[in-house]
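[1] What would the 3D arrangement of this be:
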Amino acid sequence: MTHDVLVVDDDPTVSDVVRRYLEQDGCRVRLVHDGEAALKAASADMPDLVVLDLMMPGIDGIEVCRRLRRTAPNLPVVMLTALGEEPDRVLGLEVGADDYVTKPFSPRELTLRIRSILRRAGHPDKHQPLLADGDLVIDTSRRSVTMAGAPVKLTKGEFDLLVFLLNHAGRTWTHQQLLERVWGWSVGETGTVTTAMARLRSKIQPEADSPKRIITSYGAGYRFERVGNDHA
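    So this is what the prediction gives:
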């Protein structure tokens with residue numbers, strides 16, 4: 001199946017390179033060069049994925065991502081930026097980006113990451129559509145999460161991470177293993193895992209001084225410990 005990818009970058013050299021690699025990979029690519037054009041393009045014809053530059057004149061990538069999330073909460077977004085500082089990565093993931101790639105980057109690696117994200121987006125977990133642990137309920141077919149009946153808003157990466165951990169409750173996973181099993185990358189920044197895990201924890205276990213469900217095994221990784229006996 002051909003995927004429609006919207007590439008948003010004010011650097012024509014970068015956007016053209018990304019376009020060529022994605023087209024070689026079988027994607028249909030639309031290019032725009034600023035945030036306002038990106039929002040108009042997505043409104044006219046919603047893409048399957050957006051490659052979005054963070055620093056642009058006018059409406060920047062953070063605001064574009066925030067607005068896209070209001071109308072298309074499950075739309076995959078890969079954010080590009082020349083900034084490599086941790087606060088920028090956190091902010092990008094916080095507003096809903098599924099991945100964060102720092103310039104300069106390998107176009108081939110970017111293409112592989114996009115392919116992995118699109119594959120996961122197109123194949124939700126239908127084997128066990130409803131997962132539960134106490135008051136935490138996950139509907140994998142609808143990609144929705146509730147706690148005590150209240151909806152929990154997760155990005156695509158956070159949702160995939162939560163489903164994976166709950167499906168393998170009790171087992172400890174390293175950063176690299178999670179990067180490979182959840183994100184589908186054999187190479188990449190393990191900081192992506194750390195950031196996504198912190199965001200997920202803040203949403204499903206707000207009691208920071210008394211963590212439950214997601215447990216850190218220092219020096220080893222993370223594991224999910226059930227707090228209830230519900231099994232969907």
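[2] Residue nearest the middle of the protein, spatially speaking?
    Asp98 (2.1 Å; C-alpha atoms, centre = their mean).
[3] pretty sure that one is in contact with Glu158, am I right?
    No - using C-beta atoms under 8 Å as the test, Asp98 is too far from Glu158 to be in contact (9.1 Å). The way it works is simple: take the backbone N, C-alpha and C, and place the C-beta from them, glycine included.
[4] Break down the protein into its helices, ranges please.
    Ranges of helices in the chain, per DSSP state H, are 12-24, 35-44, 61-71, 86-94, 107-122, 156-167, 175-181, 191-204.
[5] Point out the most buried one among the ones you listed.
    helix 156-167 (a mean of 22; mean count of other C-beta atoms under 10 Å).
[6] Could you point out which residue ranges in this protein have low pLDDT?
    When residues are selected by pLDDT under 70, those of the chain lie in 1, 83-90, 92-93, 121-128, 186-189, 206, 208-210, 228-232.
[7] Reformat the helices of the chain as TSV; add distance to Tyr222.
    Converted to TSV, the helices of the chain look like this (distance: least, C-beta to C-beta, whole Å):
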stretch	distance to Tyr222
helix 12-24	32
helix 35-44	34
helix 61-71	25
helix 86-94	17
helix 107-122	19
helix 156-167	7
helix 175-181	7
helix 191-204	6
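[8] now for those, which one comes closest to Thr140?
    Between Thr140 and the helices of the chain, the tightest spacing by C-beta to C-beta is seen for helix 156-167, at 6.0 Å.
[9] which helices and strands does the closest one pack with?
    If you count contacts as 3 or more C-beta pairs under 8 Å, 6 or more residues apart in numbering; DSSP states H and E, helix 156-167 packs onto helix 107-122, strand 130-133, strand 136-139, helix 175-181, helix 191-204, strand 221-224.
[10] right, and the ones you listed - which one's nearest Ala82?
    Checking the helices and strands packed on helix 156-167 against Ala82 by C-beta to C-beta gives helix 107-122 as the closest, at 14.4 Å.
[11] can you list contacts of the closest one?
    Residues outside helix 107-122 that contact it (C-beta atoms under 8 Å, 6 or more residues apart in numbering): 1, 3, 5, 17-18, 20-22, 24-25, 27, 48-49, 51, 74, 76, 78, 98-99, 101, 156, 160, 183-185, 187-188.
[12] now swap in stretch 94-101 and tell me
    52, 62, 65-66, 68-69, 73, 76-81, 89, 92-93, 109-110, 113, 117, 155-157, 183, 192, 199.
[13] Now do the end-to-end distance for it.
    Stretch 94-101 has an end-to-end distance of 15 Å (C-alpha to C-alpha, to the nearest Å).
[14] Mind listing what's buried along it?
    Neighbour counts over stretch 94-101 (16 or more other C-beta atoms under 10 Å) mark Glu94, Val95, Gly96, Ala97, Asp98, Asp99, Tyr100, Val101 as buried.
[15] Would you pull up how far that stretch lies from the middle of the chain?
    6 Å (C-alpha atoms, centre = their mean, to the nearest Å).
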